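Undergrad: Sharing a sequence plus its predicted fold:
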Amino acid sequence: MNTEKIGLTLEDKNWRYSRVRKFIKDEGLDAILLSGNAWEESNIRYITGQYFRIGQRYAYVLFPADGEPEVFAFHPSRSYQLRAIEEFKDDIWFDGEHFHFPTFEEISSYIRKLGLENGKIGVDKVLMDAAKYEALLKVFPNAEFTDINEGFTALRRVKSPGELSLCKESARVCDEIWDSMRYFIKPGMYDYQITAEWCRIMYANKADKDFNLMQINPYDVSVPYWTSSHSPVRIDSNSMILMEITTCIGGYWTQRVGCASIGEPEPVMVDLYTATSTAQINSSKIVKPGINAKDVCLVMDETITKAGFLNSSDFNAGPHGHLMGLTMDEGTFSPQADLILEEGMVFVLHPSAAVPGFKLGEPGMFSPGNMYVVTKNGCEKLYGLDIELMIIGE
């Protein structure tokens, strides 16, 4: 367990707030009204810092072009949650003067207090609850509410030094879990016992959340599942085990995808893994600021095709990769979509491959998955350990 203080500082707060104010100005807005809930906290935590949690229902931040943001959270029926702000005030980026309950009346009063009744206000229409949005339109007919979901998501994609430290710590925890599995997994265990051990390690390392998936099959490890989405699956002497380990530290998600074999794997599984590993290495080599993510996908696909297998675009597989941060997917990599990479973006690459004519249950692979950060001249891995095809019981 890493007990060292890692994370966001006052410099990170000032960096973020300056970016938000520039965003408001560039979009021609008078303010933005951000929203979030207990699962999707990204926009709120971007303003409030790594330790603020929403808890129940919705929370909002009204950030004016000039002045400090106003935070609306914790339903009046759960006012005891205010004690966390009072007790740990040094960990929160706002004080009681700028904190309010998230009632429509409170939010409306501050829209008026800030003189925004006739203003242009950006809202995230994807995350805002419909009832409040409809009420805003009715109560403020002269205000203009415009969607900022895409723009604000793009704003969050580039990470500050403090944010990168949280991404690296999150990746370190995934490293620890992956390395421990070679000693933990045994034939006769069930899938849920393995993900329970992942969670034990995550939360011993101060994780916020988890999103863990796996698949156990002799050949088809091309799509991972939640262990709670089906009846328990037992590990046998011929099992292949796909592990998608995803944790969140201080609000920042990272993911590690790897595959293990109980005993020596079949040659076709080794060939699939070699193809996907090579595809990941080849595609990561072209990453640098200004590169289009769809070109990264094309290199990945071409490498797998040359190896004689179906690639991620040829069968019903997971995405080639995606940006990560305050949400698990801040931008999906696709051969059909433009996504220009910038220095400071954090992403995962996880290619897929399958035998020609693939059908459910036949040899297929979704692995390995490695995290990277875009640097000034290229990219570098966040993980300290390579993700090899793990053989258990050698």
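TA: Now that the structure is in, tell me what you want to look at.

Undergrad: and Leu137, how many residues sit next to it?
TA: Neighbourhood size, Leu137 [other C-beta atoms under 10 Å]: 11. Any C-beta I mention is one placed from the backbone N, CA and C, and that applies to glycine too.

Undergrad: I meant Asp210, not that one.
TA: 15.

Undergrad: List the contacts of it.
TA: By C-beta atoms under 8 Å, 6 or more residues apart in numbering, the contact list for Asp210 reads 198-199, 202, 246-248.

Undergrad: Could you pull up the contacting residues of the most far-flung residue of the chain relative to its centre?
TA: What lies farthest from the middle of the chain is Asn142; by C-alpha atoms, centre = their mean that is 36.8 Å. With contact set as C-beta under 8 Å, 6+ apart, Asn142 has these partners: 117-118.

Undergrad: which SS class is it?
TA: Classification of Asn142 by DSSP: H, G, I helix; E, B strand; the rest coil places it in coil.

Undergrad: So which of the contacts of Asp210 belong to helices?
TA: Of the contacts of Asp210, the ones assigned to helices by DSSP state H are 198-199, 202.

Undergrad: Just the buried ones from those residues, in PyMOL syntax?
TA: Listed next is the PyMOL selection for buried residues among the ones in helices among the contacts of Asp210, using 16 or more other C-beta atoms under 10 Å:
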select buried, resi 198+202
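
Undergrad: any idea of the pLDDT on the residue farthest from the centre of the chain?
TA: Per-residue pLDDT puts Asn142 at 97.

Undergrad: what's the offset of the helix or strand hosting Gly122 from the middle of its chain?
TA: Using DSSP states H and E, Gly122 maps to strand 120-123. Distance of strand 120-123 from the chain centroid (C-alpha atoms, centre = their mean, to the nearest Å) equals 25 Å.

Undergrad: any idea which of the contacts of Asp210 is the one closest to Ile92?
TA: Closest to Ile92 out of the contacts of Asp210 is Cys248 (18.7 Å), distances taken as C-beta to C-beta.

Undergrad: residues near the closest one, how many?
TA: When neighbours are counted by other C-beta under 10 Å, Cys248 comes out with 22.

Undergrad: With Met324 as the reference, measure out to it.
TA: 10 Å (C-beta to C-beta, to the nearest Å).

Undergrad: Confirm that Ile216 sits in a strand.
TA: Yes - assessed by three-state DSSP, Ile216 belongs to a strand.

Undergrad: doesn't Ile235 make contact with it?
TA: Yes - with contact defined as C-beta atoms under 8 Å, Ile216 counts as touching Ile235 (5.9 Å).

Undergrad: Show me which positions of stretch 267-285 end up buried.
TA: For stretch 267-285, by 16+ other C-beta under 10 Å, it's 269, 271-273, 275-280, 282-284.

Undergrad: Same check on stretch 325-333?
TA: 325-331, 333.

Undergrad: Stretch 199-218 too?
TA: Quick answer for stretch 199-218 (16+ other C-beta under 10 Å): 201-202, 205, 207-209, 212-218.

Undergrad: same question, stretch 64-75
TA: In stretch 64-75, counting by 16+ other C-beta under 10 Å, buried: 64-65, 69-74.

Undergrad: between those residues, which is closest to Gly344?
TA: Pro69 (22.8 Å).

Undergrad: Now do the same contact list for the closest one.
TA: Contacts for Pro69 (C-beta under 8 Å, 6+ apart) come out as 47, 61-63, 94, 98.

Undergrad: What sits closest to it if chain neighbours are left out?
TA: Phe63 (4.2 Å; C-beta to C-beta, 6 or more residues apart in numbering).

Undergrad: Give me the below-cutoff pLDDT ranges for the stretch 251-394 of the chain.
TA: The stretch 251-394 of the chain contains residues with pLDDT under 70 at 394.

Undergrad: and with 80 instead?
TA: 385-387, 394 (pLDDT under 80).

Undergrad: all helices of it, in order?
TA: 267-284, 293-306 (DSSP state H, counting those that start in this stretch).

Undergrad: of these, which approaches Gly115 most closely?
TA: The nearest among the helices of the stretch 251-394 of the chain, by C-beta to C-beta, is helix 293-306 at 41.2 Å.

Undergrad: Output the contacting helices and strands for that closest one.
TA: helix 267-284, strand 310-311, strand 321-323, strand 331-333, strand 346-349 (3 or more C-beta pairs under 8 Å, 6 or more residues apart in numbering; DSSP states H and E).

Undergrad: My assumption is that Trp39 lies in a helix; please confirm.
TA: No - assessed with three-state DSSP, Trp39 is coil; it does not lie in a helix.

Undergrad: hmm, back to that, which neighbours do Ile216 and Ile235 have in common?
TA: Joint contacts of Ile216 and Ile235 (C-beta under 8 Å, 6+ apart) are 191, 241.

Undergrad: Show me this structure divided up by domain.
TA: 10-157, 161-392 (automatic domain parsing).

Undergrad: Could you tell me the end-to-end distance of the longest one?
TA: It stands for domain 161-392. By C-alpha to C-alpha, to the nearest Å, the extent of domain 161-392 from end to end equals 38 Å.

Undergrad: for that domain, the distance to its chain's centre please.
TA: 13 Å.

Undergrad: likewise the first one?
TA: Distance of domain 10-157 from the chain centroid (C-alpha atoms, centre = their mean) equals 21 Å.
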